[in-house]
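**Student:** Take a look and give me a structure for this.
(chains A and B)
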There are 2 protein chains.
Amino acid sequence: MTHHPSISESRIGSWHDAPAGIGAPVDTIDTPALLIELDAFERNLAEVHAVIQTAGIAVRSHGKAHKCPDIALRQIHAGAVGICVQKASEAEAFIEVGVKNILITNQVVGVRKVERIARLAAHAHMGVCVDNVVQVHQIGAAARRHHVAIDVYIEQDVGAGRCGVTTHAAAIELAQAIQTYSPALVFAGLQAYHGKAQHLRTSAERTQAIGSACDKVRDMIAALKVAGFEVNAVTGGGTGTYELEAESGLYTEVQPGSYVLMDNDYGKNTPATDTPELQHVLHVLCTVISVSSTHSVVDGGLKCFAVDSGLPRVVLPGWTVKGVSDEHTTIVPAPGTPALKVGDKIRFISGHCDPTVNLHDWLIAVRNGKVEELWPVSARGAVF
Amino acid sequence: MTHHPSISESRIGSWHDAPAGIGAPVDTIDTPALLIELDAFERNLAEVHAVIQTAGIAVRSHGKAHKCPDIALRQIHAGAVGICVQKASEAEAFIEVGVKNILITNQVVGVRKVERIARLAAHAHMGVCVDNVVQVHQIGAAARRHHVAIDVYIEQDVGAGRCGVTTHAAAIELAQAIQTYSPALVFAGLQAYHGKAQHLRTSAERTQAIGSACDKVRDMIAALKVAGFEVNAVTGGGTGTYELEAESGLYTEVQPGSYVLMDNDYGKNTPATDTPELQHVLHVLCTVISVSSTHSVVDGGLKCFAVDSGLPRVVLPGWTVKGVSDEHTTIVPAPGTPALKVGDKIRFISGHCDPTVNLHDWLIAVRNGKVEELWPVSARGAVF
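**Tutor:** The predicted structure follows:
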């Protein structure tokens, strides 16, 4: 192997190469840069946790959205019982800073990955999801080899149509397989996340979807009970539906992630009347690098904004995004809009926060127009 | 600032955490992983460089596509006069391994960035593009402060409708501004890249587009000559059109990037009859983590594939990609297709190589089903 130190390595490791200094005005931040508006961040964090805690259940914030240990520690300080992740390598970034309770809300397949999880289980309470006995055998063997205990949640497909068992028989088979690895594996409960429901636009549609999910979960709990397996925990829910799972009387834990960032897609949801309206926290700051009579161009493109949920939105009256290419976003003015100048700094809101954060090394926490903290996106690119 | 060592840092820095060992069979690589098929890579590299060198002009391969110093060094070994990048921070990754000639094919705006470039100019021959006098003043002041000389190319909009001057008067004004900073700035020529032409599907459409670009460049050269400025270099062209610029008699240098990787988008172009048909080099290897009667799910999603140019294509007869979410891709079988098993490894070809590579830390160079080399994507995430 030819090994070169990476530019990412040297940039993250060096104070000098951080995109701004503490206390610097926002307009001096090197771009493209991800800004966290701290007032909105703290408000969303407090309000969502209050709704969940009032309902008497646990919040386990999802770290896949932010991949940032500094945010995870603030979520735990605000009452989260632990952090969810999607990947074993993400778990490492959080455990490294002292997070003690991690649920991987995903099926984990492969010897390297289950070994990684079993090693981590010596440092933190670890949980994983399964929907196939192959996964149980892999994680069970690893847990035994490392003399650790790992929580296993059976994932139930409650409407997303992706992973998860759809029959009671399959769940019972999994519970039995988990039991054969006791005490290395512990049947911890059900993972029942309805991903598709998160982005249904009206409160009525989301209420119906989560009602249907609850019916499926209730039947599953009953079937497992008949087979001799008690379900002590049901976990699921996201930023779009967390209040519905919280008030269901069935879920014991919810897993919101985007609530501390937000994006255009979640911004299109109409909240229920009794639910806090979440504010946009995450902004992408760009610099105008080229101007013409018809359009202007900024210094961030596809390597700065994820576009799977639509183009970013420019936060500047009279301007709209025309297109995004690898390194550029082209914006066009409405008639009569004052022209921009090369060097102007402009904010954008991304279509989808999770994959947008994953493109950046730093989150720059700002308040009142100044940089307050610099947070590394330590689990950026942690795909394993 | 709270600084935590990043997971990316530790993964890149550690042999143990590389996704595979040298010599390992492809099926043992940890996933999701980016594979480079070395036979196809070497064939594309040799064939494209041969076309360009036969035309008697220079090839300056574009590093924004691969962000990988190991590839840049192979391109230079195969005759490239230097490397193009889009960002100052990308240039650092290539200069670190000894690349001595870098052109930033982009407008660079901001004090931090021009300082970075001027510092790099002490280690490598550096060029930048301009389309506004503000950029000339910024880079000129930095070059003077650091007592270096930097090549400046005037970018002309030859049809892409993004950056670049559209009038002769604007170009002459820029040439004059560059001259005022002599010898710190050197007017090096024209950047005339027609981005939109790269993805026109037929050879006839691309020929027409580059013909039109050449007309614009020819007029611009004449206008600058009348104003007293000799144009000694014209650089541009990409993987879709390089042979047209090469045979134009006008361009002195071409800038292909994707040719060493390829993607579904470029795969849709019909090559000219006298041009090498480029092969897909870049594959994304994923593992099946969940199977059902209707679909299977693999362990890579939006954080593994860029989807701006469409969904990835699965390289397995009878299967098609149904959808991609943050961490999952769902594939569905045609009737009668044999089922998959949890743990099966499957290859995909991404819609767009540049932003896909930018999501990964490693390129795994394979030949005949085995890992031959591991190449870090050192400039991954270098957005500044």
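
**Student:** Wait, residue A:325 touches residue B:163, no?
**Tutor:** No. The criterion here is Cβ atoms under 8 Å, and residue A:325 misses it with residue B:163 at 10.4 Å. For the C-beta atoms, the positions are set from N, CA and C on the backbone; glycine is no exception.

**Student:** For residue A:374, what is the enclosing helix or strand?
**Tutor:** Assigned by DSSP states H and E, residue A:374 belongs to strand A:370-376.

**Student:** Need the residues that contact stretch A:200-218.
**Tutor:** A:156, A:158-159, A:190, A:192, A:194, A:196-198, A:234, A:236-237, A:240-241, A:244-245, A:248, A:250-251, A:268-273, A:275 (Cβ atoms under 8 Å, 6 or more residues apart in numbering or on different chains).

**Student:** how about the closest residue to residue A:38 other than its chain neighbours, what does it touch?
**Tutor:** Nearest non-adjacent residue to residue A:38, counting by Cβ to Cβ, 6 or more residues apart in numbering or on different chains: residue A:367, 4.3 Å away. The contact partners of residue A:367, by Cβ under 8 Å, 6+ apart, come to A:37-39.

**Student:** I'd like to know how far residue A:367 sits from chain B.
**Tutor:** With distances taken as Cβ to the nearest Cβ, to the nearest Å, residue A:367 is found 15 Å from chain B.

**Student:** From the neighbour counts alone, determine which of residue A:325 and residue B:163 ranks first.
**Tutor:** Using other Cβ atoms under 10 Å in any protein chain shown as the criterion, residue A:325 and residue B:163 rank with residue B:163 on top: 27 against 18.

**Student:** what sits against the more buried one?
**Tutor:** With contacts defined as Cβ under 8 Å, 6+ apart, residue B:163 is in contact with A:289-290, A:297, A:328, B:106-107, B:129, B:131, B:155, B:157.

**Student:** That one: which element?
**Tutor:** Secondary structure (DSSP H and E) places residue B:163 outside all helices and strands.

**Student:** Apart from its chain neighbours, what residue comes closest to residue A:257?
**Tutor:** Spatial nearest neighbour of residue A:257, chain neighbours left out: residue A:62 (3.0 Å); criterion: Cβ to Cβ, 6+ apart.

**Student:** tell me which residues in the strand holding residue A:374 are buried?
**Tutor:** Using 16 or more other Cβ atoms under 10 Å in any protein chain shown as the test for burial, strand A:370-376 gives A:371, A:374-376.

**Student:** where does chain A have low pLDDT?
**Tutor:** A:1-17 (pLDDT under 70).

**Student:** Helix, strand, or coil at the residue nearest the centre of it?
**Tutor:** Centroid-nearest residue in chain A, with Cα atoms, centre = their mean: residue A:65, separated by 2.2 Å. Using DSSP: H, G, I helix; E, B strand; the rest coil, the structure places residue A:65 in coil.

**Student:** what about the residue lying closest to it once chain neighbours are set aside, neighbour count?
**Tutor:** Excluding its sequence neighbours, the residue lying closest to residue A:65 (Cβ to Cβ, 6+ apart) is residue A:257, at 3.4 Å. Per other Cβ under 10 Å, the neighbour tally for residue A:257 reads 26.

**Student:** what's the answer for residue A:94, then?
**Tutor:** 30.

**Student:** Report whether the longest strand along chain A contacts chain B.
**Tutor:** Determined from DSSP state E, the single longest strand within chain A is strand A:282-291. Yes. Strand A:282-291 lies within reach of chain B by Cβ under 8 Å from any Cβ of the partner chain, at A:287-291.

**Student:** How about the contacts made by residue A:53?
**Tutor:** Going by Cβ under 8 Å, 6+ apart, residue A:53 touches A:59, A:79.

**Student:** Off-centre distance for whatever helix or strand it lives in?
**Tutor:** Element membership for residue A:53, per DSSP H and E: helix A:38-54. Using Cα atoms, centre = their mean, to the nearest Å, the mean C-alpha position of helix A:38-54 is found 16 Å from that of the whole chain.

**Student:** for that helix, which positions count as buried?
**Tutor:** For helix A:38-54, a neighbour-count test (16+ other Cβ under 10 Å) marks A:40-41, A:44-45, A:47-49, A:51-52 as buried.

**Student:** Next: stretch A:103-119.
**Tutor:** Buried residues in stretch A:103-119, defined by neighbour count with 16+ other Cβ under 10 Å: A:103-110, A:113-118.

**Student:** Next secondary structure after the longest helix along chain A?
**Tutor:** In chain A, with assignment by DSSP state H, the single longest helix is helix A:203-226. Downstream of helix A:203-226, the next assigned helix or strand under DSSP H and E is strand A:234-236.

**Student:** Just read off the phi/psi values of the residue lying closest to residue A:87 once chain neighbours are set aside.
**Tutor:** Ranked by Cβ to Cβ, 6+ apart and with sequence neighbours excluded, the top spatial neighbour of residue A:87 is residue A:382, at 5.5 Å. With angles defined as degrees, to the nearest 10, residue A:382 sits at phi -80, psi 80.

**Student:** Pretty sure residue A:382 sits against residue A:67.
**Tutor:** Yes. Residue A:382 is in contact with residue A:67 according to Cβ under 8 Å; the separation is 6.9 Å.

**Student:** neighbour-wise, which of these two wins?
**Tutor:** Ranked by neighbour count (other Cβ under 10 Å), residue A:382 and residue A:67 place residue A:67 first, with 30 against 26.

**Student:** So what's the residue count around the nearest residue to that one once chain neighbours are set aside?
**Tutor:** Using Cβ to Cβ, 6+ apart and skipping the chain neighbours, the partner closest in space to residue A:67 is residue A:379 (3.7 Å). Using other Cβ under 10 Å, residue A:379 is surrounded by 29 other residues.

**Student:** What residues does residue A:379 make contact with?
**Tutor:** By Cβ under 8 Å, 6+ apart, residue A:379 lies in contact with A:63, A:67-69, A:85, A:87, A:89-90, A:92-94, B:6-7.

**Student:** Equivalent analysis for residue A:250, please.
**Tutor:** Contacts of residue A:250 (Cβ under 8 Å, 6+ apart): A:214, A:217-218, A:221, A:234.

**Student:** Straight-line length of stretch A:340-359, end to end?
**Tutor:** Stretch A:340-359 has an end-to-end distance of 27 Å (Cα to Cα, to the nearest Å).

**Student:** Give the buried residues for stretch A:91-105.
**Tutor:** Residues A:91-96, A:99, A:101-105 are the ones in stretch A:91-105 that count as buried (16+ other Cβ under 10 Å).

**Student:** Need the max-distance pair from these.
**Tutor:** By the measure Cβ to Cβ, A:96 and A:105 form the most distant pair in the buried residues of stretch A:91-105, at 19.6 Å.

**Student:** Tell me which residues of the helix or strand that residue A:151 is a member of come out buried.
**Tutor:** Residue A:151 belongs to strand A:150-155 when assigned by DSSP H and E. For strand A:150-155, the buried set under the neighbour-count rule, 16+ other Cβ under 10 Å, comprises A:150-155.

**Student:** can I get those in CSV with distance to chain B?
**Tutor:** As requested, those are exported to CSV (distance: Cβ to the nearest Cβ, whole Å):
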residue, distance to chain B
A:150, 17
A:151, 18
A:152, 15
A:153, 14
A:154, 12
A:155, 8
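
**Student:** before we move on, the earlier item: now list whatever residues contact both of residue A:382 and residue A:67.
**Tutor:** A:90, A:93.

**Student:** So what does the residue nearest to the centre of chain A have for phi and psi?
**Tutor:** phi -70, psi -40.

**Student:** Could you report the separation of it from residue A:328?
**Tutor:** 26 Å (Cβ to Cβ, to the nearest Å).
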